[in-house]
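Student: the amino acid sequence is not available; the structure is as follows:
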C-alpha cells in the first residue's frame, strides 16, 4: 500500500521533519513545506534529495524518464498509472488519487458528509468509509466533529458545584463553564448572592467604612481617620491632630500632598508633626532586634533585645546609605544611666570615639538631663537649657528634622507630650556623602528602638548628568554670614562648580515654597570653568519668575547666541516669556510665564528637534512647545557655563532653586520623571 511504502521510504532514507509542521496524509514536512517523497523531484525518497535531469521521482526513487517498454502507450498501463521499466518489463502503479491494478485505475472514492474515512485510498485499495456517530444529546456536547478521517466525539456536560455559577451554558459545540463565586472585599457588602447563573454582586460600603453589612451598608468597623458612631463612620481626619489609627494629619482632606484624605502617609512621602508636615521621600525602619542590617550598621558595642539595641560607651547606629535632604531621624530612647543621646548626620568619619574626633562637617543634636544643644564637630553652635529631666526606664521619643537649611529636634515623653522640648537651629555644617546616625554618650546607658530614617528621593535619572546645582541642601551654595554666595558646588560629582561672575547672588531662606534658593536680582551671575559641550542636551531649572530684563539669561553653556540658552525673551512682545534657543534663533516661539510663579523649566535639543516646557509645582500639566528647524544646532567643544546672567552681562533677576544638566537628549519618559521629581522636591 502507498502509505506503508511512504513509511518504509522515510524509515530507510530519513525524512527530515521540521518541528510543529502538520502535513496532509501521505505527505511529510521538509524545508520546502509538505511534500510527497514518492513523487517529489526535489525531495525524492527523503527531504533534500533532488533527482538529476532526465530522471523522474517514481515511488521514492529517481527513475530515468520513460524509455524502452514504457515509451510506447505508457507500457500498456492505464493513463492514470505510472509505468516503470523493470529490465524490459512494464510495471504499472496507479497515480495518487487513483486505485486499481495499474492496468485499470479508477478515481478514489470520497466519503460523504455523513461518513468519514477509516482507511485512506492507496494505489491498490480504495477508500474505506464508515458512518459518523449519532448526533450528541442535550446533555452532551460535540467535543470533536465528524471529519474526513475522524468520527464525531461526544462528551458529557460538566456540572457546576457548590460556590460556583454557570458563566457559559453547555451548548452544541462547547462545554459548560463554571466559575468560582466572587467574595466581596472588606470594604464591600453582598448586594446580590451568587446564584446558578450569576456571580456575587458586591457594593461599596459608605465612605470611611472598613467593613459593613448589607443591604443598607451598616458600618461595623471604620478605616483610619474615621470613628464608628451608630453604624456610620464619621471622619476625624483633617483636623490637624494625629489620633489613633492615623499616621498623619495635615489639617486638610486633600490628596497628593503627602498625607492622604484617609490620614495615611502617601507613597513616596514621609510626614512629621501634628499638624503634619510632609516631604517627598522614603524611610528605612529598623525592627527592634535586627541590627546590624542592610540599611543600618552598628559602630562600637551593643546588645539587641526585644526592647531595642542597648549601646555601650560611645557606640552609634548609622545608615549605610547616603541621606538626601530633607531628612528625618527618629527613635524611641530609654535611659538606664545619666547618659547623653545623639541624633544627626555626618560626612566622612563614622565612629564617635571621642568628642574631639567628631567630623567638623557634621551636625548633631545632643540631649542630656539639663540641656539640649546642637554641635558641629566638637564645637557647640547653639544650646537651650531645659528643665526636662528624663526618668530611667521611661521611653522617650526623639525626632530630628533637617531640611538642609534648618534643623530642629524634639524630645518628649509620648504619654505627656507637653513635657517635651523643641529646639531649632541653622543647618550649615554638612558635607557630601552624609550618613544619618543616633548614638549614646559617655555612660553607654541608652537603648534605641524603632529607629526610622526618612530621606528625600534621589534624582531618578543619572545617565548623562554633567552638572547639578540645588538650594537643597543649603551648604552646597556656601553662603557667607550675610547670605552672599561666591561658589555654587556641583552635586553631580564632576566638579563643574560655579564661581561668582559679577555681583554675588544671595542665598535666601524661604524663597521657593519655604525652601532656600539663590536670588540673582541686581544682575548677579555665576560661571563655571570650561567643560565639554555636546550637540544634544537636556536642561531643567526650578525658578521663580520675577520682573525680568530683556534677554535675561537663566543659564547657557557656550556662546549665548550659537549654543543652547535658557532665557527670557523680549522679541515676543513681552518680557514674561521663556525662550529656548540655539544658533541665535529669535523665531518668537516662546512660552508665557506668570510673575512670581515657581516653575520647572525644561529644554531639550535632539538633533534639529527642540522641546521646551514650563510646568508649575502645584500639579498643573505642563505647557510645552516641540518643533524642528534648521537653527537647532550646537557647536560642540570645551566652553564655560553661565547662570543668572549671560556672558554678555544680560540679567534675568530670577530666583533659581535647582539646575539639572544632561549632555544627552533624555527620552520623554526620562524627562517626565525628572520633572515629577523636581516638583515633589520643591513643593510646599
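Tutor: Thanks, I have the structure now. If you're wondering where the values come from, they're calculated on a predicted model, not measured in any experiment.

Student: how close does the residue lying farthest from the centre of the chain sit to residue 72?
Tutor: Largest separation from the mean C-alpha position in the chain: residue 88, at 81.0 Å (C-alpha atoms, centre = their mean). For residue 88, the distance to residue 72 (C-beta to C-beta, to the nearest Å) stands at 13 Å. In this view, the C-beta of every residue, glycine as well, is placed from N, C-alpha and C.

Student: ditto for residue 627
Tutor: Distance of residue 627 to residue 72, computed by C-beta to C-beta: 83 Å.

Student: local confidence estimate at the residue farthest from the centre of the chain?
Tutor: Residue 88 is assigned a predicted lDDT (pLDDT) of 85.

Student: that one contacts residue 69, doesn't it?
Tutor: Yes - assessed by C-beta atoms under 8 Å, residue 88 is found in contact with residue 69 at 6.1 Å.

Student: let me see the ranges of the helices in the protein.
Tutor: 2-13, 668-681 (DSSP state H).

Student: and those, which one is worst for confidence?
Tutor: Minimum mean pLDDT among the helices of the chain: helix 2-13, a mean of 39.

Student: need the contact list for residue 346.
Tutor: By C-beta atoms under 8 Å, 6 or more residues apart in numbering, residue 346 lies in contact with 318, 358-359, 361-364, 430, 434-435, 437.

Student: ok, 7 Å please
Tutor: Applying C-beta atoms under 7 Å, 6 or more residues apart in numbering to residue 346 gives the contacts 359, 362, 434-435, 437.

Student: which of those residues fall in strands?
Tutor: In strands, judged by DSSP state E, the following of these are found: 435, 437.

Student: return the closest of the contacts of residue 346 with respect to residue 153.
Tutor: Nearest to residue 153, judged by C-beta to C-beta, of the contacts of residue 346 is residue 435 at 71.9 Å.

Student: for that closest one, list each beta-bridge partner.
Tutor: residue 346 (DSSP bridges).

Student: can you count the residues close to it?
Tutor: Using other C-beta atoms under 10 Å, residue 435 has 22 other residues around it.

Student: wait, it sits on residue 318?
Tutor: Yes - contact criterion C-beta atoms under 7 Å: residue 435 and residue 318 qualify, at 4.7 Å.

Student: so what touches stretch 173-184?
Tutor: In contact with stretch 173-184 (C-beta under 7 Å, 6+ apart) are residues 141-142, 155, 157-158, 160, 163-170, 190, 194, 199-200, 202.

Student: among those residues, which ones are in strands?
Tutor: In this view, the contacts of stretch 173-184 that belong to strands under DSSP E are 141-142, 155, 164-168, 190, 202.

Student: contacts only, for residue 632.
Tutor: Taking C-beta under 7 Å, 6+ apart, we find residue 632 in contact with 582, 605, 608-610.

Student: before we move on, what about residue 529?
Tutor: residue 640.

Student: confidence score at it?
Tutor: Note on residue 529: pLDDT of 97.

Student: separation between it and residue 639?
Tutor: To residue 639, residue 529 is 10 Å away according to C-beta to C-beta.

Student: tell me where the stretch 401-550 of the chain has strands.
Tutor: Taking DSSP state E, counting those that start in this stretch as the criterion, the stretch 401-550 of the chain carries its strands at 406-413, 416-426, 435-440, 446-455, 465-470, 487-488, 498-500, 506-512, 515-519, 526-528, 531-533, 537-544.

Student: in its sheet, what does the first one sit against?
Tutor: With DSSP bridges as the test, strand 406-413 is paired with strand 395-402 (antiparallel), strand 416-426 (antiparallel).

Student: quick one, which of the ones you listed gets closest to residue 463.
Tutor: strand 395-402 (29.3 Å).

Student: and that closest one, how far out from the chain's middle?
Tutor: Relative to its chain's centre, strand 395-402 lies at 33 Å (C-alpha atoms, centre = their mean, to the nearest Å).

Student: what mean pLDDT does that strand get?
Tutor: 87.

Student: and the angle for that strand with strand 446-455?
Tutor: Put simply, strand 395-402 runs at 30 degrees to strand 446-455, going by axes from the mean of the first three to the mean of the last three C-alpha atoms, to 10 degrees.

Student: got the contact list for strand 395-402?
Tutor: Residues from elsewhere that reach strand 395-402 (C-beta under 7 Å, 6+ apart): 272, 325-334, 341, 343-345, 363, 365, 367, 390, 407-414, 427.

Student: one more time with 6 Å, if that's ok
Tutor: Applying C-beta atoms under 6 Å, 6 or more residues apart in numbering, the contact partners of strand 395-402 are 272, 327-334, 343, 365, 390, 408-411, 413-414, 427.
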